[in-house]
Structures are given as C-alpha cells and as structure tokens.
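A.B. asks: With the sequence up front, the predicted model follows.
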Amino acid sequence: MDEDVAGLDEAEVRSRLASLRVEHQDLDAAIGALETQPRPDQIQLARLKKKKLALRDLITRLEDQLTPDIIA
C-alpha cells in the first residue's frame, strides 16, 4: 500500500485518486456488509478497516500533492 507518489504528474495523480476512492468505497461497503452478519469475523473486519485507513492516508497524500503550497 505504501506507494511512491512523488514522481506522478497531475493527470496520473488524479487518475490514481479516482481509482483509490472507488476502492475505498468498496471497502466501506464490504465492512458494512460484514458488520450486518450475526457473528462477523472480527479479524477480517479489523484487516479491512486497517486497509481502508491505509487507503485514506494514501488518498490524503495524493490530494496534498495536488494542492499547491501556500506560504502565509
């Protein structure tokens, strides 16, 4: 999950962001479906949540890369 995003141009970053957002939504749906089961697998649930968090971190890094630094 730890990707090098420094060398990507803006179009590549935007494309990668779009696919990561879809993957993040899919994980959210999978977590929701797993939580509705009578006895959800807690280990699988924890793994999915951890992966979702890692995706969120990567999405944030990519969004920060698109935002220009503004010195106040």
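C.D. replies: On my side now, so go ahead.
A.B. asks: isn't residue 41 right next to residue 34, touching?
C.D. replies: Yes. Using CB atoms under 8 Å, residue 41 is in contact with residue 34, at 7.0 Å. No exception for glycine: its C-beta is placed from N, CA and C like everyone else's.
A.B. asks: For these two, indicate the residue with more neighbours.
C.D. replies: residue 34 (15 against 11; other CB atoms under 10 Å).
A.B. asks: Just the mean pLDDT for the helix or strand where the more buried one lies, thanks.
C.D. replies: Secondary structure from DSSP states H and E places residue 34 in helix 10-35. Mean per-residue pLDDT for helix 10-35: 96.
A.B. asks: and the angle from whichever helix or strand comes after that helix to helix 10-35?
C.D. replies: For helix 10-35, the succeeding helix or strand toward the C-terminus, using DSSP H and E, is helix 42-66. Interaxial angle, helix 42-66 versus helix 10-35 (axes from the mean of the first three to the mean of the last three CA atoms, to 10 degrees): 160 degrees.
A.B. asks: Name the surrounding residues that touch helix 42-66.
C.D. replies: Helix 42-66 is contacted from outside by 1, 3, 5-6, 8, 10, 13-14, 16-17, 20-21, 23-24, 27-28, 30-31, 34-35, using CB atoms under 8 Å, 6 or more residues apart in numbering.
A.B. asks: just to revisit the earlier point, which helices and strands sit right next to the helix holding residue 34?
C.D. replies: Under the contact criterion of 3 or more CB pairs under 8 Å, 6 or more residues apart in numbering; DSSP states H and E, helix 10-35 touches helix 42-66.
A.B. asks: Can you point out the buried residues in the helix it packs on?
C.D. replies: Under the neighbour-count criterion of 16 or more other CB atoms under 10 Å, helix 42-66 has 48, 51, 52, 55, 58, 59, 62 buried.
A.B. asks: Find the residue at the geometric middle of the protein.
C.D. replies: Central residue of the chain (CA atoms, centre = their mean): residue 55, 2.2 Å from the mean position.
A.B. asks: before we move on, back to that, need the buried ones from the contacts of helix 42-66 selected in ChimeraX.
C.D. replies: In ChimeraX, this line selects whichever of the contacts of helix 42-66 come out buried by 16+ other CB under 10 Å:
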select :13,16,17,20,24,27,31
